[in-house]
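Undergrad: what follows is a predicted protein model with its sequence.
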Amino acid sequence: MAEPARAGNHAAALLLRAALRLKLRAGAGPFRSFGNIAVEPRAYQLVPLLMALRLSTVRLLIADDVGVGKTIDAGVIVRELMDRGEVRCLAVLCPPHLVEQWQAELENRFNLHSVALTSASAARLERQGLARHFVQRRRKDISDCQAETKDGHGFPRRMQTEITYRLSGPWGSFFDQVQDYCTEIAERVEGQDTGGARLIGYANLALLRCVASSPAAAAKALTTRLEHTLTVVDPPNDDLLRDERLFDGEADDLDTSDLAPLGQIAFQSDQASRLQGLIDQAHQLAGRKGDPKLAILLRHLTQLLDDGYHPVVFCRYLATAHDVGEHLRNQPSNVEVEVVTGELTPEERCERIEAMAEAEQRILVVTDCLSEGINRQHRFTAVVHYDLAWNPTRHEQREGRVDRFGQRAPEVRCNMLYGQDNPVDGFILNVILRKGEAIQKELGVLVPMPEDAQRIHQALVKAALIRRSELRQQPAQLGFDFRESEEILAPLEA
């Protein structure tokens, strides 16, 4: 007979625990899992469980609103199926920033011990053997497959180069005037102490990005600002600071709108004549004579075509893509030029691309609506980043549409344009893209932008208003001093 005053052995403790679990299961009615979960499901959360148990093969989409409890629904279903012996394991696919949350929820609420499979842990898990259930190959892991296969479909060599231009002549003067306008607006709002400084920084950054893209995008953004006489609200609407049209989307959402961002937030009615003057200047800059960026693109595309390549030109905004496409069509040549943007349906995009298949020379001008989803390795052999992406992942997605398995060309060209004396391009290139490349070389995987939108926004605003006059004696863009912006981003470096 057991004596309460004397401690039992380990085997007896395990037996007692098993007995308690069996007792709880017996008291849980038709559900065997309720003794193994640390949560009390609401009545409505039993509906998905009952639906799942009625299916011979469980296929269930739970699409409840945010905060209703989809994680609990899924956890209860999995726990019940496990306790009934119908499943032995599970895999949860989620964005990187939710991995730890899912792991904690499974363990604390459902007594399910999981292993986090991330870019940082993949190599360790492979060495330990949890690799029976996943496989991950990076480009460097399959370098021995670079040569063509017997059917002529292999992995091409990716040749990357950079092409630079200067904001010279009228274009440089126009950029300086817009920058002066942005600085004055920011100083005015800061002096009024309305609490809208961050919103003004967003609006100015949105405008400067459009100006750096093309005269057409600049004219569109300035016109939008002129037509919307909105004033700064207090407190400011922080949702505008996370506008995907400015920051190129999240790591797991690259299909971002190619419309220009909302640059009108800081407009004051007494600036109408000044804005109209800037709009007139933007229209006058159209064409290769007034736009050094377009001029260098046209020369580079001519060289690519002469070398036998079929390029895809990535632009950030609708206005820029249409402007580039129009100028390319006006060149005296027999090159087939097509423009594909988010204005078209997915079916229309595919049709336009396929219609170019028979052209001897072809150029496709696109926005980031085609940075993922539609493969173009059978039709195109070069990528030109006309506008720098503000997300390293998007650059890889752009190039990956052409540089992928099945590309018939032995090598593809991937070329990036940037302004040597453009502070917006300089910050993105040196502080974000360059560091992203260094991390990729070190870890072998591409790391997306950190998700601290406010800190990134502050750094970008500081960098965008650096004067070009500070670099007039400098031979290259590396003369930009982004020390203050980099200090803001220092906590994110890890």
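TA: Everything's here; your move. Numbers count the residues shown, from 1 in each chain.
Undergrad: check which residues of the lengthiest helix in the chain are buried.
TA: With secondary structure taken from DSSP state H, the chain has its longest helix at helix 169-192. Going by neighbour count (16 or more other CB atoms under 10 Å), the buried part of helix 169-192 is 170-172, 174-175, 178-179, 181-182, 185-186, 189. All C-beta atoms are positioned from the backbone trio N, CA, C, and that covers glycine.
Undergrad: again, but for stretch 392-406
TA: Judged by neighbour count (16+ other CB under 10 Å), stretch 392-406 contains these buried residues: 392-403.
Undergrad: next: stretch 303-319.
TA: Within stretch 303-319, the residues scored as buried using 16+ other CB under 10 Å are 304-305, 309-319.
Undergrad: so for it, first residue to last residue, what's the gap.
TA: Terminal residues of stretch 303-319 lie 25 Å apart, using CA to CA, to the nearest Å.
Undergrad: likewise for stretch 328-348?
TA: Start to finish, the residues bounding stretch 328-348 are 21 Å apart (CA to CA).
Undergrad: and stretch 86-104, by the same measure?
TA: Stretch 86-104 has its terminal residues 24 Å apart, counting by CA to CA.
Undergrad: any idea of the mean pLDDT for it?
TA: Looking at stretch 86-104 alone, the average pLDDT works out to 85.
Undergrad: for the protein, what spans make up the strands?
TA: Along the chain, the stretches classed as strands by DSSP state E are 157-165, 311-314, 336-340, 362-366, 382-385, 411-419.
Undergrad: test my guess that residue 323 contacts residue 216.
TA: Yes: Residue 323 lies in contact with residue 216 (CB atoms under 8 Å); the separation is 3.7 Å.
Undergrad: neighbours of the residue nearest to residue 305 when sequence neighbours are not counted, how many?
TA: When the adjacent residues along the chain are set aside, residue 305 lies closest to residue 361, with 5.3 Å between them (CB to CB, 6 or more residues apart in numbering). Residue 361 is flanked by 17 other residues according to other CB atoms under 10 Å.
Undergrad: alpha carbons of stretch 161-177, in CSV - could you do that?
TA: The C-alpha coordinates for stretch 161-177 follow below in CSV (Å, rounded to 0.1, in the frame of the first residue of the first chain):
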residue,chain,number,x,y,z
THR,A,161,27.0,45.4,-63.6
GLU,A,162,26.2,48.9,-62.5
ILE,A,163,25.5,51.9,-64.7
THR,A,164,25.7,55.4,-63.3
TYR,A,165,24.6,58.9,-64.4
ARG,A,166,24.7,62.4,-62.9
LEU,A,167,21.8,64.8,-62.4
SER,A,168,23.4,67.3,-64.7
GLY,A,169,22.0,70.4,-66.4
PRO,A,170,18.3,71.3,-66.1
TRP,A,171,17.5,67.9,-64.5
GLY,A,172,19.9,68.6,-61.7
SER,A,173,18.5,72.1,-61.2
PHE,A,174,15.0,70.7,-61.1
PHE,A,175,15.9,68.1,-58.5
ASP,A,176,17.5,70.8,-56.3
GLN,A,177,14.4,73.0,-56.5
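Undergrad: where are the low-confidence patches of the stretch 351-494 of the chain?
TA: Judged against pLDDT under 70, the low-scoring parts of the stretch 351-494 of the chain cover residues 371-375, 435, 439-457, 469-494.
Undergrad: quick one: the helices in it?
TA: 392-400, 423-427, 434-443, 453-464, 483-489 (DSSP state H, counting those that start in this stretch).
Undergrad: test my guess that residue 210 contacts residue 315.
TA: No: with contact defined as CB under 8 Å, residue 210 and residue 315 do not form a contacting pair (11.5 Å).
Undergrad: run the chain-centre distance for stretch 84-95.
TA: Counting by CA atoms, centre = their mean, to the nearest Å, stretch 84-95 is centred 29 Å from the centre of its parent chain.
Undergrad: how about stretch 160-173?
TA: So, by CA atoms, centre = their mean, the centroid of stretch 160-173 is 25 Å from its chain's centroid.
Undergrad: quick one on the thing from earlier: which residues do residue 323 and residue 216 both contact?
TA: In terms of CB atoms under 8 Å, 6 or more residues apart in numbering, residue 323 and residue 216 are both contacted by the residues residue 286.
Undergrad: next, the contact list for the closest residue to residue 311 other than its chain neighbours, please.
TA: Nearest non-adjacent residue to residue 311, counting by CB to CB, 6+ apart: residue 382, 4.1 Å away. Counting by CB under 8 Å, 6+ apart, residue 382 makes contact with 304, 309-312, 402, 412-415.
Undergrad: can I get those in CSV with distance to residue 376?
TA: Putting the contacts of residue 382 into CSV (distance: CB to CB, whole Å) gives the following:
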residue, distance to residue 376
304, 15
309, 13
310, 9
311, 11
312, 6
402, 6
412, 11
413, 14
414, 13
415, 16
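Undergrad: show me the chain divided up by domain.
TA: Following automatic domain parsing, one gets these domains for the chain: 21-133, 154-166+288-492, 170-283.
Undergrad: let me have those domains in CSV, extended by distance to residue 14.
TA: Output for the domains of the chain, formatted as CSV (distance: least, CB to CB, whole Å):
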stretch, distance to residue 14
domain 21-133, 11
domain 154-166+288-492, 42
domain 170-283, 43
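Undergrad: which one of the ones you listed lies closest to residue 13?
TA: Closest approach to residue 13 among the domains of the chain is made by domain 21-133 (12.8 Å; CB to CB).
Undergrad: low-scoring pLDDT stretches of the stretch 151-300 of the chain, where are they?
TA: In the stretch 151-300 of the chain (pLDDT under 70), the answer is 151-154, 191-198, 228-270.
Undergrad: mind listing the helices for it?
TA: Under the criterion DSSP H, counting those that start in this stretch, the stretch 151-300 of the chain carries helices at the ranges 169-192, 197-213, 215-227, 244-247, 272-284, 292-306.
Undergrad: my read is that the residue nearest to residue 305 contacts residue 328, right?
TA: No: taking CB under 8 Å as the contact criterion, residue 361 and residue 328 are not neighbours in contact, 11.3 Å apart.
Undergrad: now for the two: what residues contact both?
TA: With contacts taken as CB under 8 Å, 6+ apart, residue 361 and residue 328 have residue 335 as neighbours in common.
Undergrad: can you report how many residues lie near residue 113?
TA: The burial metric for residue 113, expressed as a neighbour count using other CB under 10 Å, is 8.
Undergrad: nothing else from me, thank you.
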